[in-house]
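Undergrad: Starting from these lines, generate the structure:
(2 chains, ligands or ions: 2)
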Amino acid sequence: MNTNNKITLSKLTFLRKPYRVLLENELSCAVPSEKCGNHIVEQLEGRYPILDPMAGYGSLLSLCSKRGIPSVSIETNVPRYLWQLIKNPNLSQIFIRIIDRLLDEENSWPKVRRRADVSNSWFLIEALDIVRRLIKSISLSLIERDVSFEIKPEIIAAAVIVPFCGRLSCCTESENNPAWIKKGGIVVYMDWESDFKKYLNALKVHLVEIADRSIRGVEHKVILGDCRKIRFKNVRFHSFFTSPSYLDRLDHYKMFGPEIAFCNALGIREIKPFLSTDYIGSTLVRRTSIERFSSKVVSNFLEYIRSSCPNKSRKNYNKIYCSYYANYFYSLFEAYKNISQFLHSDFVGFIIAQNNHFRNTEVPVAQAIVEMWKSFGFRGRIIDRKEIFYFEALNLRIRARGIKAKQLGFIIKVTR
Amino acid sequence: MKYLPNVVYTTKSGLFVRQDKNVGLLVYSQYTGLIFVVHPEDTDNTISWMNFENRLISRSTIHNALGVGWDKKVKEGAFPMPHYLEGQGKWDSRPWPKRFPIVINWLLTGNCPLACRYCDAEDLMRQKRPEPNVEDIKLIASRILLYNPLVVVLSGGEPLISPHLEECIKWLYKRAGIIIDTSGLYLNEEKRELLKKYQVAVRFSIDSPIPKCNDSLRCLSKKRINPGEANNSNSSLKNAIQSLCSSFDENLTVSVQTVATRKTINDLPFFGDRLFSLGIRSWRIHLVSLPKDNINYERLFVPMKSRKNILSKLNRTKKRWKGMDLQILDDMNRNYAVLVSPDGEFLAESNVGKGKILLDSDNPFQPDIHKIFQSVSPKNHAMRYLDSPGSRWRGG
Ligand SMILES: C[S@@+](CC[C@H](N)C(=O)[O-])C[C@H]1O[C@@H](n2cnc3c(N)ncnc32)[C@H](O)[C@@H]1O
Ligand code: SF4
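TA: Ligands and ions are numbered 1, 2, ... in the order given. Reported below is the predicted structural model:
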């Protein structure tokens, strides 16, 4: 990992923690290590492009861009999708030009008279106005230069601005837990410009690094969509390398509260955020999905949860935990089932899964995945299993304690 | 220049000083709203510096804390905690002034537009005591001044809605430092001008950065009287922040005090970030002090375990708030303050949960100086204004 140009962004820039972490750490990845990731990618040689149907912050894109391998990434969470655009080396030069231009035009950034304000909602009109105007000026400059992209200029602009928009939101965050964010709070307008400058500079360092280390001229497709519903016409993939959403009972959708509210306010049709329940691993559970598929591994696990529950809180327990886990597994099932229709007969895939712990028992994520693929008529087996320190999205979780710190990491191989 | 001991003087820099045989020099800065002690060996030099007789003050701790506002920019300030500006010859142990109150809390009025759930002044408020007229105000002010307090804190109820605020401030002006405690609701332009003119430091009471939390603790009273509110949002947080911003814009001395309760304590590090970036350089956190029979005791009282936790967390996070004076007051003892009720009685909070007690039952309006500190602990009194009991937690 190249950390020469590493930038540290102080908490006092009020840049949201997820983005501070993403900017400070070059690789944010569901893969135990870059070495392990490379090792897997090597085994998929020739089966390009590699698909990641749940691409998160774009770990596969990172691996592939360094090695010059074409990739296709699908992500359902808009802020994460936008972050993948930042990571796409084919867009780096455009982003760098946008940043240079923004920095040149510092004097024309929108001004706010107030020092601060308070609101119960994510954004006040004044704040939305600033970010909207920035987006507008970026997209105009893109159009002026008469460059044509596959992606709308407003979306490119949103990818630059969304990671910063939280700075101007009325939110309250926790000191340690990045997924804990509350709507409502104080927004400090004073000196937002200097924080924006710090952000742009950090982003530029990040982009230059991406551009430098990537092999050019290779296609990386980033798709905003739900892998449970997506359809491919005349496309059959020869490989995938993926990892399911992490089961930490933190809501990774709510974590992006301000960003999602902002995307909604932007009103750009293509990046209209999905409902939170559409997100795999959401803590908001759709009642209907529960217990709708039969899996031995999952039913045993759910049975264990039910029986281990202290009597007095049984009702809540069933409601919260059983539904949550059942919903998670069912979503995974739906996702893999859908994807399985678009795989070529010589297909090879790798899934990295972590079994974390609940009430002193292992949550059998890997075993359930193997079972699912078998039920679709594939061969699935665990080819490696080790204790790893899991770092999806690096430190984004609560500082893991005790047993939770060590995760069992599994590499699953799926073939026809 | 020679100053008599125990008498308050204003220096040319505007700072208030009072010599104390036991301690050294007590100094109040209206540019920060903070009180400091200067070691005896540095006293003469510091006084001449504050009177522009010598341009330089050799000790940087003194310069950093006391130079702010007239010899140094606010952002360049640095405040040691406790507020003892130690020289080379340090005190053996930290002494405190034995007899004279450093601060007197004057509850100007019992009226208040808010009804905070933890308010410890409620037993003197809302018609429980007669409201003073102008003559009363003058009389009470002159009685207070006889004790030579370095600072008078105008409190209440809501001092800004006292019809005699201006009169009161004029009486105290230059005779003692003045701090006003306020919810900020009535701080309109006219009042801000008044406070600016008489160099009154404004201390806003804000508990949480989350509107819902703040507003449910510091809730607007339904039956409030409205003599021209400055802000009319129905969120007390929004009102306070707006007033605070306007005060900053007009260069008033602004600080914040926060009552920490079970509900809000975990948000304090984040709150500190916001306050700091707003420009706040002095923040006092009081762990809520409530008698056990208060109906809100269970809901608000901060358990011992979370106290330790949050205090050590705050001591960690305060490193990012460079140049901010953070005082964490965790007073289990309630007998630290000299209070004056709206009708002029001198009182203290009882340490054994008996509510307010008269300092001198023979002379309720002008207690004997010796009697004051029979009910108010001199040590707790000094700690309250100079030391931070919470600072004992430093380093965990
Ligand atoms: C009684 S108020 C009067 C001035 C003004 N109304 C205000 O709220 O700022 C003075 C200060 O005491 C604080 N306070 C009230 N009750 C308290 C308690 N039980 N424990 C600690 N502080 C308390 C208030 O939050 C406020 O900061
Ligand atoms: S605003 Fe001050 S005086 Fe009024 S109820 Fe709240 S704490 Fe008490």
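
Undergrad: ok, the nearest residue to residue A:82 once chain neighbours are set aside - contacts?
TA: Among residues not flanking residue A:82 along the chain, residue A:159 sits closest, at 4.3 Å (C-beta to C-beta, 6 or more residues apart in numbering or on different chains). (C-beta placed from N, C-alpha, C; glycine too.) The contact partners of residue A:159, by C-beta atoms under 8 Å, 6 or more residues apart in numbering or on different chains, come to A:82, A:83, A:85, A:86, A:95.

Undergrad: okay, residue A:159: pLDDT?
TA: pLDDT for residue A:159: 96.

Undergrad: Using the three-state scheme, assign it.
TA: The three-state assignment at residue A:159 reads helix, by DSSP: H, G, I helix; E, B strand; the rest coil.

Undergrad: One more: residue A:344?
TA: Applying three-state DSSP: residue A:344 is strand.

Undergrad: for residue B:275, same thing?
TA: Going by three-state DSSP: residue B:275 is helix.

Undergrad: That one: what's it in contact with?
TA: By C-beta under 8 Å, 6+ apart, the contact list for residue B:275 reads B:256, B:283.

Undergrad: and it, how far is that from ligand 2?
TA: Using C-beta to the nearest ligand atom, to the nearest Å, residue B:275 is found at 19 Å from ligand 2.

Undergrad: and that residue, how far is that from residue B:371?
TA: Look at residue B:275 and residue B:371: by C-beta to C-beta, to the nearest Å, they are 39 Å apart.

Undergrad: immediately after the helix or strand bottoming out on mean pLDDT in chain A, which helix or strand?
TA: The helix or strand of chain A with the lowest confidence, counting by mean pLDDT, DSSP states H and E, is helix A:402-405 at a mean of 44. Downstream of helix A:402-405, the next assigned helix or strand under DSSP states H and E is strand A:406-415.

Undergrad: Now stretch B:128-144: buried residues?
TA: B:129, B:131, B:132, B:137, B:138, B:139, B:140, B:141, B:143, B:144 (16 or more other C-beta atoms under 10 Å in any protein chain shown).

Undergrad: Please read the previous query as pertaining to stretch B:295-314.
TA: Buried residues in stretch B:295-314 (16+ other C-beta under 10 Å): B:300, B:301, B:302, B:307, B:310, B:311, B:313, B:314.

Undergrad: Now intersect the residues you listed with the strands, please.
TA: The members of these all map outside strands under DSSP state E.

Undergrad: Using a markdown table, please lay out the residues you listed together with distance to residue B:287 and pLDDT.
TA: Shown next, in a markdown table, are these (distance: C-beta to C-beta, whole Å; pLDDT from 0 to 100):
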| residue | distance to residue B:287 | pLDDT |
| --- | --- | --- |
| B:300 | 10 | 93 |
| B:301 | 9 | 91 |
| B:302 | 5 | 91 |
| B:307 | 6 | 86 |
| B:310 | 9 | 86 |
| B:311 | 9 | 84 |
| B:313 | 14 | 89 |
| B:314 | 11 | 91 |
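
Undergrad: out of these, who's nearest residue A:54?
TA: Among the buried residues of stretch B:295-314, residue B:313 lies closest to residue A:54 (C-beta to C-beta), at 35.1 Å.

Undergrad: Residue A:175 is in contact with that closest one, correct?
TA: Yes: with contacts counted by C-beta atoms under 8 Å, residue B:313 reaches residue A:175, the gap being 6.6 Å.

Undergrad: shared neighbours of the two, which are they?
TA: In contact with both residue B:313 and residue A:175: residue B:269, using C-beta under 8 Å, 6+ apart.

Undergrad: if we can go back for a sec, so which of the buried residues of stretch B:128-144 are in helices?
TA: Using DSSP state H, the subset of the buried residues of stretch B:128-144 located in helices is B:137, B:138, B:139, B:140, B:141, B:143, B:144.

Undergrad: which residue sits closest to the first one, ignoring its sequence neighbours?
TA: Think residue B:137. residue B:164 (4.4 Å).

Undergrad: how about stretch A:54-72: buried residues?
TA: A:54-67, A:69, A:71-72.

Undergrad: ditto for stretch B:346-360
TA: Buried, per 16+ other C-beta under 10 Å, within stretch B:346-360: B:346, B:347, B:348, B:349, B:351, B:356, B:358, B:359, B:360.

Undergrad: For that stretch, measure first residue to last.
TA: For stretch B:346-360, the first-to-last residue distance is 8 Å (C-alpha to C-alpha, to the nearest Å).

Undergrad: Can it be said to contact ligand 2?
TA: No: applying C-beta under 6 Å from any ligand atom, one finds stretch B:346-360 separated from ligand 2 by no less than 13.9 Å.

Undergrad: Identify the residues contacting the residue in the stretch 151-300 of chain A that chain B sits nearest to.
TA: Nearest to chain B, among the residues of the stretch 151-300 of chain A, is residue A:175, at 4.4 Å (C-beta to the nearest C-beta). For residue A:175, the contact set (C-beta under 8 Å, 6+ apart) comprises B:266, B:269, B:270, B:313, B:317.

Undergrad: Extract the C-alpha trace of the helix or strand in which the third one is found and format it as PDB.
TA: Taking DSSP H and E as the criterion, the element that holds residue B:270 is helix B:268-278. Output in PDB follows, covering the C-alpha atoms of helix B:268-278 (Å, rounded to 0.1, in the frame of the first residue of the first chain):
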ATOM      1  CA  LEU B 268     -20.300  16.100  24.400                       C
ATOM      2  CA  PRO B 269     -17.200  15.400  22.400                       C
ATOM      3  CA  PHE B 270     -19.000  16.100  19.200                       C
ATOM      4  CA  PHE B 271     -20.700  19.100  20.700                       C
ATOM      5  CA  GLY B 272     -17.200  20.400  21.700                       C
ATOM      6  CA  ASP B 273     -16.100  20.100  18.100                       C
ATOM      7  CA  ARG B 274     -19.000  22.200  17.000                       C
ATOM      8  CA  LEU B 275     -18.500  24.800  19.700                       C
ATOM      9  CA  PHE B 276     -14.800  25.000  19.000                       C
ATOM     10  CA  SER B 277     -15.300  25.600  15.300                       C
ATOM     11  CA  LEU B 278     -17.800  28.200  16.100                       C
END
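
Undergrad: ok, then the element right after that helix?
TA: strand B:282-287.

Undergrad: burial measure for residue A:255, as a count.
TA: Per other C-beta atoms under 10 Å in any protein chain shown, the neighbour tally for residue A:255 reads 22.

Undergrad: Confirm it sits in a helix?
TA: Yes: using three-state DSSP, the assignment for residue A:255 is a helix.

Undergrad: quick one, strands of the stretch 301-416 of chain A?
TA: A:343-355, A:357-358, A:361-362, A:379-389, A:406-415 (DSSP state E, counting those that start in this stretch).

Undergrad: Show me what counts as buried in the last one.
TA: I take that to be strand A:406-415. A:407, A:408, A:409, A:410, A:411, A:412, A:413, A:414.

Undergrad: Out of the buried residues of stretch B:295-314, which is nearest to chain A?
TA: Once C-beta to the nearest C-beta is applied, the member of those that ends up nearest chain A is residue B:313, at 6.6 Å.
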